[in-house]
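Student: Need coordinates for the following:
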Amino acid sequence: MRFLIRHQYTLVWLTWLVILVAAFYARTVSFEFACIDDDANLRDNPFVNGAQLSWTSWLKPYFNLYIPVSYSFWRALVVLAGGLEPWIFHGANALLHGLNVGLVFLLFRQWRSGLSRAACAAGALVFALHPLQVETVAWVSGARDLLATLGTLLALLLLLRSDGPRRYVLLGLATLTFTLALLSKPVACIAPIIAVCLAPQRLRQRSYLVTIGIWLVFGFAAAYGNSLFQPAIENPFVVAWSKRPLVALGALGFYTQKLLWPIGLAADYGLTPVRLMRSTGLIITGSVVAVWALRSRGVLIFVVGLLPTLGFVPFFYQAISTTADRYVYFAMLGPALILTTWWDRGFPVRWFSAVLLSSLAACTWLQMQHWSTRVDIARRMVAVNTDSWFGYFNWGTSLLQRGDAEAARHYLEASVRRRPWFPDSHYNLAIAAVETKDYAAAEQHLRTNLYFGGDNAPALIWLGHVLALEGKFDEAGAYFRRGLKMAPNHPGGRLHYAQLLRAQGKNQEAFAELELAQESSVNDAKFYALKGELLLTRGENIKAIEFYEKALALGSRGVDTYANLGVAYLREKDYERAEEVLSKAIAIDSYMPEALHGIGLVYEATGRRQQAIDAWTTASAQGFKPAIEALRRVRKTDGTKQ
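Tutor: The predicted structure is shown next:
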């Protein structure tokens, strides 16, 4: 209670900062999942959206990173929301950012007791409202950086407070929170260097020095361990060690320019290491900032905060761009510290700071709208970087997911023209070509995907499907078998392979393939329709009806589904239901001979002979033999000759 009374005004400032910042970013709650890695990190992640228990994420890496804290956090959100709901992830990011801003405020208060609350709040608002922070907050996968920063700031705060009789307890808690930060994202490895920058005089204390040493060991272990999971060796844009300082200076220069003039921000700047090495202006800017860092604590923290992602150590995203807004998130602590130390220099500085913060807030509000949908994100990439193959890829992929395959092909083709060796562009372009029934183009792009990306089950199975659609049954079967050997539990692959076998008249083998696909993992009406068809050929009418009804419940409205279901009901002498579904088939295709023949049998069984003759006559005009034989039988019974 005494603590609360002594710090009541600080707590009021802290509470308002957290609430206002979280509310400011609350508009992101209505945003979609982003097209950049959100699907991989959430939907396809077995630790987040799969059957695996959340604690298993602590046993092995996923998607080239070992970050179990982030995966456990996302899994908790999935459980709370009852599924993958974007609103709860975006809301959590906004709240985490608000908490980080509050910790920045407290850190500055702890760092120098002479700073006013207003000065610390102004610095924290720079951290909160700079447009470079939008990507980390509005992008669901940015929670990794938010959590890592949360743990790092809390660790630094505890470290600076580690005086008095509770010193070792606070140092232990600081080390624990730093460890959790590393397990959120290894970018937190720079925390011990930041700690030295903030309070170099504390290194005289043995306990402080030992703690920093432990942090350095932990940070190196986390950074090195995760570097082993990064497939940077496959990145064709990795440059020699001797050239990486130029890459780092170029990246530093770019971030400095965007810090001072945050216009034209996007998720892809296309600044690969080679392009940065050739950017003389950026290298000069970076060199000036690097020298200035020797004289300014705030600039030094900004530079140190960027060290893990400046390009000294290769990382896979360099294939797209070495620079990205999210890499600045923690480093923004440096500019925030600069404004904090300037605030108390007089009214003109405060007036300028107020105008600056208002301008940053306006730019950030406008920048957020570029993250509202997948298409908006991709469109912004292309607007800022007209040569963004990644932007065109995501634009086309987003349109494909929306069902606009024709438009998707346009943007995916633009992506392929800019980076023809990227296998995923060819894969998605092939799917778009299938949707537009351009099977030759689909085959070509799938073969290109396999050429650049190597054997992978999805491409092999899709190629088998496309070849089957082209009538190349034998070749299609070979690709299906290769794909299913790599992914035996692929339900879509089993379905398409079964369709191929059915088309070849291999009903028994087709049925066996469908049996291998677990029904619980198949939510495709085609699966139930095909299984119903195969059961019907085996004379298992009751089971066939069950599967056809499931197909209808899942949205199947194909004429064959209605016609075959009608035949199944007819065989079970349920004439009322048979007539109902056969009538729906005829409403779709009034000349379908199978449906006309079936409904003729229904009419005959229910005493409507003339209607039966009319239906069979229409069907027999198309050469349908069962209808012709039915007419002969009826006319023979009537004593008439055909």
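
Student: okay, Ile233: pLDDT?
Tutor: Ile233 carries a pLDDT value of 45.

Student: now the helices for the stretch 201-350 of the chain?
Tutor: 206-229, 244-260, 273-277, 280-292, 297-306, 333-343, 347-368 (DSSP state H, counting those that start in this stretch).

Student: In JSON lines: those, plus mean neighbour count, mean pLDDT and distance to Arg571.
Tutor: (Each C-beta comes from the backbone N, C-alpha and C, glycine too.) Formatted as JSON lines, the helices of the stretch 201-350 of the chain follow (neighbours: other Cβ atoms under 10 Å; pLDDT from 0 to 100; distance: least, Cβ to Cβ, whole Å):
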{"stretch": "helix 206-229", "mean neighbour count": "16", "mean pLDDT": "90", "distance to Arg571": "58"}
{"stretch": "helix 244-260", "mean neighbour count": "22", "mean pLDDT": "97", "distance to Arg571": "71"}
{"stretch": "helix 273-277", "mean neighbour count": "21", "mean pLDDT": "94", "distance to Arg571": "69"}
{"stretch": "helix 280-292", "mean neighbour count": "17", "mean pLDDT": "97", "distance to Arg571": "76"}
{"stretch": "helix 297-306", "mean neighbour count": "22", "mean pLDDT": "97", "distance to Arg571": "73"}
{"stretch": "helix 333-343", "mean neighbour count": "23", "mean pLDDT": "96", "distance to Arg571": "75"}
{"stretch": "helix 347-368", "mean neighbour count": "15", "mean pLDDT": "95", "distance to Arg571": "61"}
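
Student: C-terminal to the helix or strand of the chain with the lowest mean pLDDT, what's the next element?
Tutor: Sorting the helices and strands of the chain by mean pLDDT, DSSP states H and E puts helix 2-6 at the bottom, at a mean of 56. Beyond helix 2-6 in the direction of the C-terminus, DSSP states H and E gives the next helix or strand as helix 8-24.

Student: for that following helix, packing partners?
Tutor: Here helix 8-24 touches helix 86-111, helix 117-129, helix 347-368, going by 3 or more Cβ pairs under 8 Å, 6 or more residues apart in numbering; DSSP states H and E.

Student: and these as TSV, adding distance to Thr386?
Tutor: Shown next, in TSV, are the helices and strands packed on helix 8-24 (distance: least, Cβ to Cβ, whole Å):
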stretch	distance to Thr386
helix 86-111	29
helix 117-129	29
helix 347-368	19
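
Student: Tell me which of those sits nearest to Ala22.
Tutor: helix 86-111 (3.5 Å; Cβ to Cβ).

Student: Next, the angle from that closest one to helix 117-129.
Tutor: Put simply, helix 86-111 runs at 150 degrees to helix 117-129, going by axes from the mean of the first three to the mean of the last three Cα atoms, to 10 degrees.

Student: Quick one: list the elements packing against helix 86-111.
Tutor: With 3+ Cβ pairs under 8 Å, 6+ apart as the test, helix 86-111 has helix 8-24, helix 68-81, helix 117-129, helix 134-138, helix 143-160, helix 333-343 packed against it.

Student: Swap in 6 Å and give it another go.
Tutor: Counting contacts by 3 or more Cβ pairs under 6 Å, 6 or more residues apart in numbering; DSSP states H and E, helix 86-111 packs against helix 8-24, helix 68-81, helix 117-129, helix 143-160.

Student: Compute the inter-axis angle for it and helix 333-343.
Tutor: With the same axes, to 10 degrees defining the directions, helix 86-111 sits at 50 degrees from helix 333-343.

Student: Can you get me the centre-to-centre distance for helix 86-111 and its chain?
Tutor: Centre-to-centre, helix 86-111 and its host chain are 23 Å apart (Cα atoms, centre = their mean, to the nearest Å).

Student: For that helix, which residues meet the burial criterion?
Tutor: Neighbour counts over helix 86-111 (16 or more other Cβ atoms under 10 Å) mark 86, 88-111 as buried.

Student: How about stretch 170-188?
Tutor: Using 16+ other Cβ under 10 Å as the burial criterion, the residues of stretch 170-188 that qualify are 170-171, 173-175, 177-188.

Student: List the buried residues in the host helix or strand of Glu515.
Tutor: Counting by DSSP H and E, the element that carries Glu515 is helix 507-516. Buried residues in helix 507-516, counted by 16+ other Cβ under 10 Å: 510-511, 513-514.
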